[in-house]
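**Student:** Whatever this is, show me its structure:
(one chain, ligands or ions: 1)
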Amino acid sequence: MKITDVRAVYPRYQHVVPSWRTHFWQIVVRVETDTGTVGLGYGGGGVAGVEIVNRHYRELLVGREVNTPKDIAAIWDHLYDQSLPYGRKGLAIMAISGVDLALYDLLGKAQDKPVYEILGGAQKSRVVAYATGPNSEMYRDRGFLHHKFPHRFSGDPADYETAATAAANARQLYGPDARIMVDCYMSWDADVTTRMADILSEHNLYWYEDVLTPDDLAGQADLRPVATPTLIAGGEHEFTQHGFADIARANALGLWQPDITWCGGITAGLRIIDLARAAGIPVSPHRGAEVWGLHLIAASDWADFAEMHSDHINAQRDQLWLDEPEVVDGYIAPPDRPGFGATLNEAML
Ligand SMILES: [Mg+2]
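**Tutor:** Down below sits the predicted model:
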């Protein structure tokens, strides 16, 4: 089938606080074809991402044939090459992600198959999920078996105690076999991480996430032996197979967390997973419980462990995508409907 039109839209979010992280600036990308089949994708970059898709990528896409994942990969390479002078990381790749996911959705709908079938079939019928957020007890009550709590280090020595208390509380709520993680969102540094590793070791955490800026690969590599057996995790702020190849070369991280709606979509996700498999590094995509990452995890022999953010667990949120899968008994499965299987709430466009 041939692409006849491409349009990106920034949705009309209602539950807005003054932070880009409210909706991660997520955009919707719609691809139309000469067969009438329409693909919908979810990318990043906000209104800037919308402009990149509508004013640049659209002219590169209209008229192209899309019938196989190989065609999508060739389109990905073309968009990457053409946007390279201003792209490579950040907004341009967040925008490519939306296009790439729309093309996978398109292929699934055209072949009447869920995306995990397009990717070769489900390797697992359901994926182990974990809940990210501050309400440790609530997530356990909702059926989650694993949990990641946030922690910010402000410079106050009392913050060590806060982390230890949260870790002890989570361990007590979820039990000795649960995976408990902490995301400090780049608020620790090397000294704080070293001291935290000592203080938190008794709680046997699975990983410390984003301890340093993602630009400091050598610093993170140095912290891996300090933290062990807890892993130094990260990657939600990295882009494409090229960025993750740098992480691999630097030995910077013990677990990779690409965001499939930011890092370059399924095409980049597959390439990143290939690099991770070769390096023996586990992959747990950022926000992997949302359908975009979930189909990839389900079809993968390597990626696992789906993250659900607290904004997806709380009732007070914008419902941009309807019919999203829910966690049952600690597991989540991708929809078996054609494409990604989530329904766009058109009223928000
Ligand atoms: Mg994070």
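**Student:** make it CA atoms for all contacts and neighbour counts henceforth
**Tutor:** Fine.
**Student:** Now do the helices in the protein.
**Tutor:** With DSSP state H, the ranges of helices along the chain come out as 46-52, 58-61, 69-83, 91-110, 115-118, 136-141, 158-174, 190-200, 217-227, 240-250, 265-279, 291-299, 310-313.
**Student:** Could you check the second one and say which residues are buried?
**Tutor:** Pointing back at helix 58-61 there. Of all the residues in helix 58-61, those buried under the rule 16 or more other C-alpha atoms under 10 Å are Arg58, Leu61.
**Student:** and what of the third one?
**Tutor:** Taking 16+ other C-alpha under 10 Å as the neighbour-count basis, helix 69-83 is seen to contain the buried residues Pro69, Ile72, Ala73, Ile75, Trp76, Leu79, Tyr80, Ser83.
**Student:** ok, residues contacting it?
**Tutor:** 57, 60-61, 65-66, 87-88, 92-93, 96, 100, 103-104, 118, 267 (C-alpha atoms under 8 Å, 6 or more residues apart in numbering).
**Student:** among the helices of the chain, which is nearest Gln14?
**Tutor:** Gln14 sits nearest to helix 310-313 of all those, at 13.5 Å, using C-alpha to C-alpha.
**Student:** the domain parsing of this protein - what is it?
**Tutor:** Following automatic domain parsing, the chain resolves into domains at 3-112, 127-348.
**Student:** will you turn the ones you listed into CSV that also has mean pLDDT?
**Tutor:** Below are the domains of the chain laid out as CSV (pLDDT from 0 to 100):
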stretch, mean pLDDT
domain 3-112, 95
domain 127-348, 97
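**Student:** related to what we said a few turns ago, as TSV, the helices of the chain with distance to Glu326 would be great.
**Tutor:** Shown next, in TSV, are those (distance: least, C-alpha to C-alpha, whole Å):
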stretch	distance to Glu326
helix 46-52	26
helix 58-61	34
helix 69-83	27
helix 91-110	20
helix 115-118	17
helix 136-141	13
helix 158-174	19
helix 190-200	31
helix 217-227	33
helix 240-250	28
helix 265-279	21
helix 291-299	10
helix 310-313	9
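**Student:** Of all these, which one comes closest to Glu346?
**Tutor:** Closest approach to Glu346 among the helices of the chain (C-alpha to C-alpha): helix 91-110, 15.6 Å.
**Student:** Next, the buried residues of the closest one.
**Tutor:** 91-110.
**Student:** who does that helix touch, helix- and strand-wise?
**Tutor:** Packing contacts for helix 91-110, counted by 3 or more C-alpha pairs under 8 Å, 6 or more residues apart in numbering; DSSP states H and E, involve strand 27-33, strand 38-43, helix 46-52, helix 69-83, helix 115-118, helix 265-279.
**Student:** for these, which one ends up most surrounded?
**Tutor:** Highest mean neighbour count of these: strand 38-43, a mean of 26 (counted as mean count of other C-alpha atoms under 10 Å).
**Student:** and it, what does it pack onto?
**Tutor:** Using 3+ C-alpha pairs under 8 Å, 6+ apart, strand 38-43 sits against strand 27-33, helix 91-110.
**Student:** pull the CA atoms of that strand into CSV?
**Tutor:** The C-alpha trace of strand 38-43 is given here as CSV (Å, rounded to 0.1, in the frame of the first residue of the first chain):
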residue,chain,number,x,y,z
VAL,A,38,-5.1,4.2,8.6
GLY,A,39,-2.2,3.7,11.1
LEU,A,40,-2.0,5.6,14.4
GLY,A,41,1.2,6.1,16.3
TYR,A,42,2.3,7.8,19.5
GLY,A,43,5.5,9.9,19.5
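**Student:** can you offset everything so residue one is 40?
**Tutor:** Sure thing, new numbering starts at 40, so read that last one as strand 77-82.
**Student:** residues making contact with that strand?
**Tutor:** 65-71, 88, 133-146, 148, 300-301, 331, 378.
**Student:** Which strands border it, and is each parallel or antiparallel?
**Tutor:** The strands that strand 77-82 pairs with in its sheet are strand 66-72 (antiparallel) (by DSSP bridges).
**Student:** Next, Glu363: phi, psi?
**Tutor:** Backbone torsions of Glu363, given as degrees, to the nearest 10, read phi -70, psi 150.
**Student:** Distance-wise, check it relative to Val89.
**Tutor:** 24 Å (C-alpha to C-alpha, to the nearest Å).
**Student:** Kindly indicate which of the buried residues of helix 108-122 lies nearest Leu251.
**Tutor:** If you rank the buried residues of helix 108-122 by distance to Leu251 using C-alpha to C-alpha, Tyr119 comes first, at 27.7 Å.
**Student:** What's the separation between that closest one and Pro196?
**Tutor:** 45 Å.
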